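Enquirer: Model the following, please.
(one chain, ligands or ions: 1)
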Amino acid sequence: MSACPPVETGPVGVTLARLGRATLVGAGPGDADLLTVRAVRAIQSADVVLYDALIDPAILDLAPIGARRIDVGKRCGRHAMQQTAINRLIVKEALAGAHVVRLKGGDPLVFGRGGEELDSLRLAGVPVAVVPGVTAACAAAASLQIPLTHRDMSRSLHFVTGHGSDGSLPNHDWAALARSGGTLAAYMAGRTLPAVAERLIAAGMSGATPAVAVENAARPNERRLFGTLADLPAALTKAGFVGPTLVLIGAVVGLAEERTALERLAA
Ligand code: SAH
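Expert: Below you'll find the predicted structure:
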C-alpha cells in the first residue's frame with residue numbers, strides 16, 4: 001500500500017484509522033497512448049484498480065504488480081456489477097486505507113455514472129480526485145479529422161444518450177436539438193438510432209443531414225459507416241456493429257475526406 005498516508009495520531013494520542021483515497025480516472029477511448037500523464041501516474045500509484053469492460057490490458061499493466069485488479073464491467077454471459085455495489089466497494093477499499101483507482105472508459109463524467117461514485121465517496125468522507133479522459137466524441141472526430149464545431153456550420157455540440165436508465169430512448173427535447181443547427185454526438189445509440197433519427201426528422205431536421213457511426217473509435221479495429229440521418233439507421237442495423245459505437249450527426253460530418261470521396265464516386 002505504497003500510496004497510503006501513514007497512520008496518524010490525534011491530538012489526544014488516539015490512533016486514527018488510516019484513510020485511503022479514490023481517484024476516478026478517464027481511460028480514454030481504448031489505447032493506452034490516449035491516457036493523460038496524470039492518469040498514468042494515478043494508475044501507477046494504485047493499490048486497487050476497479051475497471052470496466054473493454055479497458056485495454058496494456059492500461060491495467062501500468063498498475064503496480066501488487067495492486068488488486070477488480071473487473072466490475074459487463075462481459076458476455078455475465079452481468080456487470082450493480083452500480084450501487086461498485087459505489088460500496090470503492091468506499092470500502094478506500095476506508096480500509098487503499099488508493100482506489102476507478103478506471104472508466106472515455107471521460108469519467110460523461111455518461112459514466114461518475115457523479116454517483118462521487119456522491120458515495122463524499123458521503124463517506126473519502127478524499128477523491130477526478131482525472132479527465134478523452135471522450136468518445138473527441139476520439140471519433142480526431143480519427144475522422146473533422147471538427148465537432150465550426151464557425152460557419154456548427155456553433156454548438158450536444159452530447160446525447162440513446163439509452164435511458166430503463167433501456168428505452170430518453171425523452172430529449174428533440175425540437176430543440178433539431179433546431180440547434182449544432183453537432184449531435186449520440187452515445188449508446190447503436191440500437192435506438194432508428195428512433196433517434198425518426199424523432200429528429202419529425203422535429204424538422206433534414207433527413208439529408210450527414211451522419212456517421214464510428215465503432216471502436218481510436219482503436220486498431222475502428223470501423224466507420226457514413227450516411228445521412230435518413231439512411232444511416234438501416235445501414236447500421238445491416239452492418240451489425242457490436243463494439244462501442246458513437247454516432248455523429250451534423251453538417252461537419254460532411255467535411256470528412258472519406259465521405260467526400262464516396263460522394264464523388266457516386267456522382
Ligand atoms: N464515458 C464514456 C462514455 C460511456 S457510455 C466516454 O466519455 O466516452 C458508453 C458509450 O460510449 C458507448 O455506447 C459508445 O457510444 C461510446 N463509446 C465509448 N468508447 C467508444 C469508442 N472507443 N468508440 C466509439 N464509441 C465509444
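Enquirer: Around the ligand, which positions in the stretch 151-267 of the chain sit nearby?
Expert: Contact residues, the stretch 151-267 of the chain versus the ligand (Cβ under 6 Å from any ligand atom): 187-188, 214, 216-219, 244-246. To be clear about C-beta, it is placed using only N, CA and C from the backbone, and glycine gets the same treatment.
Enquirer: Would you list the buried entries among the residues you listed?
Expert: 187-188, 214, 216-219, 244-246 (16 or more other Cβ atoms under 10 Å).
Enquirer: quick revisit: now pLDDT and secondary structure too, for the residues of the stretch 151-267 of the chain next to the ligand, in a markdown table please.
Expert: Formatted as a markdown table, these follow (pLDDT from 0 to 100; DSSP: H, G, I helix; E, B strand; the rest coil):
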| residue | pLDDT | secondary structure |
| --- | --- | --- |
| Y187 | 97 | strand |
| M188 | 95 | coil |
| V214 | 97 | strand |
| N216 | 96 | coil |
| A217 | 96 | coil |
| A218 | 95 | coil |
| R219 | 94 | coil |
| P244 | 95 | coil |
| T245 | 97 | strand |
| L246 | 98 | strand |
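Enquirer: between these, which is closest to V25?
Expert: A218 (17.1 Å; Cβ to Cβ).
Enquirer: Pick out the residue of the stretch 51-200 of the chain closest to the ligand.
Expert: The stretch 51-200 of the chain approaches the ligand most closely through G106 (1.9 Å), counting by Cβ to the nearest ligand atom.
Enquirer: Who is that residue paired with across the strands?
Expert: Going by DSSP bridges, G106 is paired in beta bridges with G28.
Enquirer: quick one: the helices in the stretch 51-200 of the chain?
Expert: Ranges of helices in the stretch 51-200 of the chain, per DSSP state H, counting those that start in this stretch, are 57-60, 83-95, 114-123, 136-144, 174-180, 193-202.
Enquirer: is it true that the residue of the stretch 51-200 of the chain closest to the ligand touches P29?
Expert: Yes: using Cβ atoms under 8 Å, G106 is in contact with P29, at 6.1 Å.
Enquirer: Quick check: neighbours shared by these two?
Expert: Here G106 and P29 have 134-136, 139 as joint contacts, going by Cβ atoms under 8 Å, 6 or more residues apart in numbering.
Enquirer: Out of these, which are close to the ligand?
Expert: Within the set of the shared contacts of G106 and P29, contact with the ligand (Cβ under 6 Å from any ligand atom) is found for 135-136, 139.
Enquirer: Tell me who's in contact with I146.
Expert: Counting by Cβ under 8 Å, 6+ apart, I146 makes contact with 248, 252-253, 255-256.
Enquirer: what pLDDT does it get?
Expert: Note for I146: predicted pLDDT of 97.
Enquirer: and if you look at L54?
Expert: What the model reports as pLDDT for L54 is 82.
Enquirer: quick one: contacts of the lowest-mean-pLDDT helix or strand in the chain?
Expert: The weakest-scoring helix or strand in the chain, judged by mean pLDDT, DSSP states H and E, is helix 257-266 (a mean of 76). Residues from elsewhere that reach helix 257-266, judged by Cβ under 8 Å, 6+ apart: 144-145, 210, 212, 224, 226, 253-254.
Enquirer: Quick check: PyMOL command selecting the buried ones in these.
Expert: Per 16+ other Cβ under 10 Å, the buried members of the contacts of helix 257-266 correspond to this PyMOL selection:
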select buried, resi 144+210+212+224+226+253+254
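Enquirer: just the contacts of helix 257-266 now: which is nearest the ligand?
Expert: For the contacts of helix 257-266, the nearest to the ligand is R224 (10.2 Å; Cβ to the nearest ligand atom).
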